[in-house]
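Participant: sequence isn't available, so here's the structure alone:
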């Protein structure tokens, strides 16, 4: 009786398992790209936050030294943490507001790239903050 | 039922698939949300800086228009409205002409249909209008700038005053009474007060560029001589008589506050001016200019009548006052004039006839003498002296009784001889207006605040100062003395009567640890220590140059929940190590490579600073700060700040640069044009809503609660069981069995010695000469057992045993003598050097309680200080006469009103214990010598805090 019951309850077939595995594989492969992209996006967001902080800090520095604002034009500054193991160079553009001698548009920005590892592709990013200072 | 599991693998796979899909979905959502948040933050930041650009464009427009450029105005209903037509609006005495159409001078700038200022290609919108408070213009231009970037809107407000608090050597947010301090602007900086400047004592204002006052409140913003009491407060309603309170030990009770004068002076480099009323430098005295006959409106009036009295307030001298003065004369001897006259006799039947003094002693020694007999004696004394003053001076008596003059002259030891400088009107109205007479004509009558001649007591046509009442005369005096203009070696004096205005300090520091601009600066490019408001985690990015420690604050100690003193928790920052760390990071591109100079320390969170049982007493200590990081250092904290040792000295280390206050060599070198030596002090500032302590380099950071400077303070502590220390954990002052209570001596031949030898108590027994003084101490004062704390107690001794009293002592004199002996013993027994030796840094027994250490060095602290507390010195050490503490920089007092949001709650603060210090000099100077060339001066005395005068406001308030 017991033996008979055992044979009757054999539920898995090789076909069934193969089919189920195929479904799982399909889903995982389909989602893998999404997960990788998600990770990449998180890195990008983190980088953008770091870039924003760096640009803000530089603007604050300039605001404390407005008398020498012209000297900042074209000056570079280094930021770490945007690209793994690399130093990113930021830029500062200072331009006099047309028709004035005491107003200066200041843009502080960063350009960097993040690497998309599985496919080894890179993507370019940029961030900049702009304001106007009066000297 | 048939059990068939076929297909279960597929179901299981589908389940796993769903789980994976769910997790993936959550991850994606998180990623998307983070990205969106990041985008929102980015847009918010862009909007912030765009709004800031709007403020700067508006500032440029204001600058071009002479700071009279407006897009809006406040109407009579206090509503802000667009300028739709040219109009003039008067508030008080100020009229502002609003221009329409509003002129814009920057290319591309326009006024849009809503009346707001815009610039083509930019996203900001600006409103500018003159602030109105209490229907008066405050002199402040309010600029609002709003910017929207991708749907995110932020709005900033800048309160533009043409005068910034940061340009002053001293800035006070409310009324200030200047007493006897010296304020040296070195021709570089000035003083501003948002309130009244009260002059009391002899303050010296040296080389200030300006002394200004203003306020938006009625009756404030003026300069006046300080008066602490009004006449109305002195006399009971219905009468003008004020009892002349005397005691046997001190019959001199004249109300000092009513007699307070000011000899405040201005030094301007070439000359000096006194604010009078004074006797010297007559031609420079302001009082001379306040002559009502010469200057319209010069007269300033006082209310000298109490209530509806018809008589002016005046002292009443009764028999008890006379008796007290008589006893005083017996105990202390008469001065240049005595109450009793050896040439005049009295006759009181109970004791007989004789000289005034002899009969007085007889009456005093007889307890059976009745009040009527005393009255008889004083009546005869009055008759003896009814013509004293007239006899000597031959002057007309101005009211009152002549015997009252005798009383006052005896009480104050004024010479009675003819020609002596004695006011002749000593009687009814002793104080400043005693010559006014009984002249009330109406309920609201006010008497002129005239000056008297100190040699004759007669009124002069000169008046005390109150610029609100004397604006015209004040203006004349300022103009005639060139005090109404700015310039080299000039002082501009401008109070509200001359157009001085309120200066808006902005919001510098928020209450407790609320998010503020300075905190943001520390978080972005600076150093933030404490709980990070963004991440909610405890951070200390410079932990390798800081350390936690504790010591007892002897002046304002921490109090535990058990009511006992506790050590304060201190975060020590090694400035030299920090400087090295910054320099290193610059080389390797470390975290502090671009340090913006701001350190914000927030010790208020118990998670980050677990020993913070009393946040009011915690603090930050700066050590090794003789040289600060290049570019400067701003320390911002809601806690106390301790600066240990010299701070921010010139890196070149030349002695003349690290000078003492008013060092003549440095001044001379600057004045003679050798200013090229170039001081290199860095811009530094301490911003706190607690207190700033300047400590010597030898401050021992006591591991015990230092004993109070005065023994009775220590007793108070003991009695309240506040300290927790080895020697004083019980109240040992009574009884006298405690071994640490010092033994004092009784000098041979002293009053105490005589008293011990000859005085008998009520039972006729002699008083034993104590060896332990504790048995005559009971609390703050001495025991009633021997020296009752009653000013009327005196002792009469028969020292030659002839049956007559011949020596008189007041109890207070004996008590004072004993106190000197006890105090000397206390001080010498528990002085720091007696307990620990002479090396504060290496005490021989560091945990044994003693008094605070002594300082003989000179220390310099080159920094600006911003605190809601005043300039009164706070000391934790005994600064000896040879020592000095000089702060070169500026002092900006934050508004101490809790509602202003600058000061934290201090309701639980322990009462100051009082550290006695022979030298509490805490002098402020600007950092640059008189005559320093303009390029040698910094653009501002303060670097980082200035830009925090903008504030973000609710978008709806735009």
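Facilitator: Nice, I can see it. Just so you know, these numbers come straight off a predicted model, no measurement behind them. Numbers count the residues shown, from 1 in each chain, chains lettered A, B, ... in the order given.
Participant: which phi and psi does residue B:686 have?
Facilitator: Residue B:686 has phi and psi values of phi -120, psi 120 when expressed as degrees, to the nearest 10.
Participant: who's in contact with it?
Facilitator: By CB atoms under 8 Å, 6 or more residues apart in numbering or on different chains, residue B:686 lies in contact with B:634, B:635, B:641, B:643, B:692, B:863, B:864, B:865, B:866, B:867. C-beta: built from backbone N, CA, C; applies to glycine.
Participant: what bridges to it?
Facilitator: residue B:635, residue B:865 (DSSP bridges).
Participant: kindly report the same for residue A:132.
Facilitator: Beta-bridge partners, per DSSP bridges, of residue A:132: residue A:105.
Participant: who wins on neighbours among the contacts of residue B:686?
Facilitator: Among these, the one with the most neighbours (other CB atoms under 10 Å in any protein chain shown) is residue B:863, at 32 neighbours.
Participant: that one touches residue B:648, doesn't it?
Facilitator: Yes: between residue B:863 and residue B:648 there is a contact at 5.9 Å, judged by CB atoms under 8 Å.
Participant: for those two, list the residues in contact with both.
Facilitator: residue B:684.
Participant: just to revisit the earlier point, closest to chain A out of the contacts of residue B:686?
Facilitator: residue B:634 (10.2 Å; CB to the nearest CB).
Participant: so that closest one makes contact with residue B:601?
Facilitator: No: judged on CB under 8 Å, residue B:634 makes no contact with residue B:601 at a distance of 11.3 Å.
Participant: what's near enough to touch residue B:823?
Facilitator: B:710, B:711.
Participant: helix or strand for it, which one?
Facilitator: helix B:811-830 (DSSP states H and E).
Participant: could you list the buried residues of that helix?
Facilitator: B:811-815, B:817-819, B:821-823, B:825-827, B:829-830 (16 or more other CB atoms under 10 Å in any protein chain shown).
Participant: tell me the helix or strand right after that helix.
Facilitator: That would be, after helix B:811-830 and using DSSP H and E, helix B:832-836.
Participant: give me the buried positions along that following helix.
Facilitator: Buried residues in helix B:832-836 (16+ other CB under 10 Å): B:832, B:835, B:836.
Participant: for the longest helix along chain A, give the mean pLDDT please.
Facilitator: In chain A, with assignment by DSSP state H, the single longest helix is helix A:14-63. Mean pLDDT, helix A:14-63: 79.
Participant: which helices and strands does that helix pack with?
Facilitator: Secondary-structure packing of helix A:14-63 (3 or more CB pairs under 8 Å, 6 or more residues apart in numbering or on different chains; DSSP states H and E): strand A:76-83, strand A:86-96, strand A:103-116, strand A:121-134, helix B:8-64.
Participant: among these, which is the most enclosed?
Facilitator: strand A:103-116 (a mean of 19; mean count of other CB atoms under 10 Å in any protein chain shown).
Participant: mean confidence for that strand?
Facilitator: 88.
Participant: just checking, what packs against that strand?
Facilitator: By 3+ CB pairs under 8 Å, 6+ apart, strand A:103-116 packs against helix A:14-63, strand A:76-83, strand A:86-96, strand A:121-134, helix B:8-64.
Participant: enumerate the residues of the stretch 1-150 of chain B near chain A.
Facilitator: B:2-10, B:12-14, B:16-17, B:20-21, B:24, B:27-28, B:30-31, B:34-35, B:38, B:41-42, B:45-46, B:49-50, B:52-53, B:56-57, B:59-60, B:63, B:106-108 (CB under 8 Å from any CB of the partner chain).
Participant: count of neighbours near the closest residue to residue B:189 other than its chain neighbours?
Facilitator: Spatial nearest neighbour of residue B:189, chain neighbours left out: residue B:169 (3.7 Å); criterion: CB to CB, 6 or more residues apart in numbering or on different chains. Residue B:169: 27 surrounding residues under other CB under 10 Å.
Participant: ok, residue B:169 touching residue B:192?
Facilitator: No: counting by CB under 8 Å, residue B:169 sits too far from residue B:192 to count as a contact (9.3 Å).
Participant: ok, back up a step: let's have the contacts of residue B:686 in a markdown table, adding distance to residue B:616 and pLDDT.
Facilitator: Below are those laid out as a markdown table (distance: CB to CB, whole Å; pLDDT from 0 to 100):
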| residue | distance to residue B:616 | pLDDT |
| --- | --- | --- |
| B:634 | 22 | 87 |
| B:635 | 18 | 92 |
| B:641 | 13 | 95 |
| B:643 | 19 | 95 |
| B:692 | 14 | 91 |
| B:863 | 22 | 84 |
| B:864 | 23 | 82 |
| B:865 | 18 | 86 |
| B:866 | 18 | 85 |
| B:867 | 14 | 87 |
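Participant: about what we covered before: report the distance from the helix holding residue B:823 to the chain centre.
Facilitator: Per CA atoms, centre = their mean, to the nearest Å, the displacement of helix B:811-830 from the mean C-alpha position of its chain is 31 Å.
Participant: now do stretch B:211-220
Facilitator: Per CA atoms, centre = their mean, the centroid offset for stretch B:211-220 relative to its chain is 18 Å.
Participant: please apply the same query to stretch B:43-55.
Facilitator: That offset, for stretch B:43-55, works out to 40 Å (CA atoms, centre = their mean).
Participant: before we move on, the earlier item: now do the residue nearest to residue B:189, the pLDDT please.
Facilitator: For residue B:169, the predicted pLDDT is 79.
Participant: could you report the neighbour count for the closest residue in space to residue A:129 that isn't next to it in sequence?
Facilitator: Once flanking residues are discounted, residue A:129 sits nearest to residue A:55: 4.4 Å by CB to CB, 6+ apart. For residue A:55, the count of nearby residues is 25 (other CB under 10 Å).
Participant: now swap in residue B:564 and tell me
Facilitator: With other CB under 10 Å as criterion, residue B:564 counts 18.
Participant: for the residue sitting nearest the centre point of chain A, list the residues it contacts.
Facilitator: By CA atoms, centre = their mean, chain A has its centre lying nearest to residue A:44, at 1.0 Å. Residues in contact with residue A:44 (CB under 8 Å, 6+ apart) are A:114, A:123, A:125, B:35.
Participant: one step back: distance of the residue nearest to residue B:189 from residue B:32?
Facilitator: To residue B:32, residue B:169 is 56 Å away according to CB to CB, to the nearest Å.
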